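Enquirer: Build me a model:
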Amino acid sequence: MSWLYLFLAIVFETVSTTLLKYSNGFSVILPSIGTVVGYILCFYFLSLAFKTIDISIAYAVWGAVGIVLITLIGIFFFHENISFLKILFIALIIISTVGLRLIK
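Expert: Model (predicted):
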């Protein structure tokens, strides 16, 4: 169940970060409300995941998957530039996260 909580935390974090972009500095009301509610839910589910998943593992997975998803959203929905170095460093984050999980 903890991994489901972690998955939900990642989903809410990704949605909230995307809405944060749409909130235009909290000047657009609906995305702003969605951002705050989403982050509350994100951290609620993350706290539930911390009950049985080591904090170092849960936080690394949460952060790494969130970075990858937000990068993909940035590229495909906000037309952000992609470069070899961006891909390389994101791959290093993923490799590091997998490494942390493997040494548990």
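Enquirer: OK, contacts around the most centrally placed residue in the chain?
Expert: Centroid check for the chain by C-alpha atoms, centre = their mean gives residue 66 as the closest residue, at 2.3 Å. Applying C-beta atoms under 8 Å, 6 or more residues apart in numbering to residue 66 gives the contacts 10, 13, 14, 17. Quick note: C-beta positions are derived from backbone N, CA and C, even for glycine.
Enquirer: for residue 50, same thing?
Expert: residue 58.
Enquirer: Let me know the closest of the contacts of residue 66 to residue 44.
Expert: Residue 44 lies nearest to residue 13 out of those, by C-beta to C-beta, at 11.4 Å.
Enquirer: pLDDT score for residue 56?
Expert: Note on residue 56: pLDDT of 92.
Enquirer: element containing it, please.
Expert: For residue 56, the enclosing helix or strand under DSSP states H and E is helix 55-77.
Enquirer: which residue packs closest to the residue nearest to the centre of the chain, ignoring adjacent ones?
Expert: Take residue 66 and drop its neighbours on the chain: the residue closest to it by C-beta to C-beta, 6 or more residues apart in numbering is residue 13, 5.0 Å away.
Enquirer: which residues does the one you found contact?
Expert: By C-beta under 8 Å, 6+ apart, residue 13 lies in contact with 38, 39, 42, 46, 62, 66.
Enquirer: so which strand or helix has it?
Expert: helix 2-22.
Enquirer: Downstream of that helix, the next helix or strand is which one?
Expert: Toward the C-terminus from helix 2-22 - assigned by DSSP H and E - lies helix 29-49.
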